[in-house]
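Visitor: Sequence and predicted model, in that order:
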Amino acid sequence: MNVSLLFRVFTIILLSIFANFANAESITDSTPKLIRIGVLAKRGTDTALKKWQPTADYLTQQIPNYQFSIVPLDFEQITQAMRDRSIDFVVTNSGMYVELEYEFGARRIATLKNQRLGKPYTSFGGVIFARADHNIAQLSNIKNKRFVAVDESSLGGWQMSWLTFKQAGIDPYKDFAELKFLGTHDKVVYAVLDGSADAGTVRTDTLERMANEGKIKLDDITVINSQFITPDFPFVRSTKLYPEWPFAACSHISEELVKEVTIALLKMPEQSVAAQAAESQGWAVAFNYEPVHQLFRELHIGHYQYLSQLTWRSLFNEYLIWTISVSLAFLSLCIATIVFQVRTIKQDRKLAAMLKTSEELANQQAHQLEIAVNERTQELAQAHVKISTLYDKLQADHSRLSAELDVAKQIQSMILPRAQELADIKKLDIACYMQPADEVGGDYYDVLSFNDHVIIGIGDVTGHGLESGVIMLMVQSAVRSLMENNNPDLCHSLKMINQVVYKNSDRMQSDKNLSLALLHYYEDKLTIAGQHEEVLVVKNNQVERLDTIDLGFPIGLEEDVSEFFAEINLHLAVGDGIVLYTDGITEAENMAGELFGIERLQELVEKHWQEDAQTLQDTICQALMYFIGEQKVHDDITLLIIKRR
């Protein structure tokens, strides 16, 4: 009886232990996984946490089973953390990002929409300025003058202007009477205004911000090498524009988590606590940071620093010992060759005597070899028959596949707007061009006309080739179906197209998505909706760049993104127009690795806008092909010119 009781108690204890163990395992399994976001703490740990912790909290709310936390780091600590894999994502400035991309394979997933004077901007530049009463109007006037900047590692506060000087043939480190770095943008402005420096440089929007705060008057300042001011970037500047801070994923993070974080960032409301704390209006689709790489390459800084060391003197000094060693080795080889030749002459006599005996032996072996060759020849003949049969089959399969690709390419070409269709649109002069990188392209464009309404679409499917081409055909069919039903509601159409592409891509098990913009022209009013490349808008022969980042969301990435679609309206007078394109033009490379770029395209449009649409298109395409030269074309190229008659 006592034994039975003890057995029952023992059994209950064991069951209790196993139950607690299973419960502990369940609790452990449900514990969110910690994801660390390293951020550049340029103003200290407390400020970084205050600015970015709400972003981590937002991601924790949006993505189940993950707990996001902020890790403030300085420049050196970020590099070490990437090396140790102690962080999973990183938020840093554009200059440091390209270093992390090069050294550790960091991947940009979004670009910050920085809030400046109440509006969002995804790019910034540098401004070179002097006091208005100092008579410094051109870059060349700054030679032998005192110049101040923010910091040698500051992209907007020095490096952009440094490149501008270099391209103008000016070496700031040699041609300035004095070059100082003062640490902050405000100090640079004050130094120029109080006369302790003749000129200086700060990042764009600094002068406007200080003027709004009542600290300075813009009339007291002259901007040097001033660039054209556009509505989408209304700040004075002297340099090209470069993308804002990126949100990047480390190389060890899974594609699934990267996609979830990307979608959450792009969906961040502009009035959310996270966006406001970061002094932003959320995040945009990741920009191309190749311009920053190009700046580093031209200045020979960062991971391109080695370029400045490749001189004849440095090569001679570095490889002096190696050169001497090779010379001595060559001399030794010559001596050895002479000795060898002498010995060879002596041995030739002995070989002549042996040759006769060898010939007799060779004849016997040749007879035996002939028999073996005949046997092997028969075997090879049989193998040749089999190989020929297989080759014929492969040729047939290849021909069939090539024919199928040709059919797909022909279908793509057949559904593009015909020249007569474009000519029938009386109020618009339209020219279109598309060249796929592969047999089947992933670029999309179309022009539809009905009852004096004109619908224009342009898009770019990720990647290129057959699968991208299928997505392109899918989009073309959806757009045409919607517009043929006299439905020019662009935002509604984009919503329906997104659902079609998302569901079909899911059925195809494809991860493709695309940028897509739709335009509606009617009675001199042009409406634009959807996210694509910047639109070049020409009014009164002046070219402006219209950013479409806030007009949409990548198509097919998420099932319901209707809240992100928006429209903008433009009035087109006679002679006004727009230029649409895909990134196959702006990101085309030449043999030196340089990009064609939006600035070069803009210059061509400004210079030749008075020509008709077809002539302008031909001029741009010729300039592009001349720029590319012998370089391989890596992406589809699409260009649309639309001019109001």
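Guide: The structure has been received and is ready for your questions.

Visitor: Look up the closest residue to residue 272, ignoring the ones flanking it.
Guide: residue 58 (6.6 Å; CB to CB, 6 or more residues apart in numbering). Any C-beta I mention is one placed from the backbone N, CA and C, and that applies to glycine too.

Visitor: what do you get for residue 153?
Guide: Nearest to residue 153 is residue 95, by CB to CB, 6+ apart, at 7.0 Å.

Visitor: Doesn't the one you found belong to a helix?
Guide: Yes - under DSSP: H, G, I helix; E, B strand; the rest coil, residue 95 falls within a helix.

Visitor: Isn't it up against residue 292?
Guide: Yes - at 6.3 Å, residue 95 counts as touching residue 292 under the criterion of CB atoms under 8 Å.

Visitor: related to what we said a few turns ago, now the residue nearest to residue 272: how far from residue 256?
Guide: Per CB to CB, to the nearest Å, residue 58 is found 19 Å from residue 256.

Visitor: sorry, back to before: could you tell me which residues touch both of residue 95 and residue 292?
Guide: Taking CB atoms under 8 Å, 6 or more residues apart in numbering as the criterion, residue 95 and residue 292 both touch residue 155.

Visitor: Let me see the contact set for the residue nearest to residue 153.
Guide: By CB under 8 Å, 6+ apart, the contact list for residue 95 reads 153, 155, 159, 292, 296, 302.

Visitor: go with 10 Å
Guide: Counting by CB atoms under 10 Å, 6 or more residues apart in numbering, residue 95 makes contact with 153-156, 159-160, 242, 289, 292, 295-296, 301-302.

Visitor: Include distance to residue 113, neighbour count and secondary structure when you put the residues you listed into a markdown table, please.
Guide: Output for the contacts of residue 95, formatted as a markdown table (distance: CB to CB, whole Å; neighbours: other CB atoms under 10 Å; DSSP: H, G, I helix; E, B strand; the rest coil):
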| residue | distance to residue 113 | neighbour count | secondary structure |
| --- | --- | --- | --- |
| 153 | 24 | 15 | coil |
| 154 | 21 | 23 | coil |
| 155 | 18 | 22 | helix |
| 156 | 16 | 26 | helix |
| 159 | 23 | 26 | helix |
| 160 | 20 | 28 | helix |
| 242 | 15 | 21 | strand |
| 289 | 16 | 19 | coil |
| 292 | 18 | 25 | helix |
| 295 | 22 | 23 | helix |
| 296 | 24 | 22 | helix |
| 301 | 27 | 19 | coil |
| 302 | 26 | 19 | helix |
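
Visitor: can you tell me which of those residues lies nearest to residue 102?
Guide: Nearest to residue 102 among those: residue 302, at 7.8 Å, using CB to CB.

Visitor: That closest one is in contact with residue 94, isn't it?
Guide: No - contact criterion CB atoms under 10 Å: residue 302 and residue 94 do not qualify, at 11.5 Å.

Visitor: Need the overlap of contacts for the two.
Guide: 292, 295.

Visitor: If you count surrounding residues, which of residue 58 and residue 256 has more?
Guide: residue 58 (23 against 8; other CB atoms under 10 Å).

Visitor: and after the helix or strand hosting that one, which helix or strand comes next?
Guide: Residue 58 belongs to helix 45-62 when assigned by DSSP states H and E. Where DSSP H and E defines the elements, the next helix or strand beyond helix 45-62 is strand 66-73.

Visitor: That next one vs helix 45-62, what angle?
Guide: On the basis of axes from the mean of the first three to the mean of the last three CA atoms, to 10 degrees, strand 66-73 is oriented at 160 degrees to helix 45-62.
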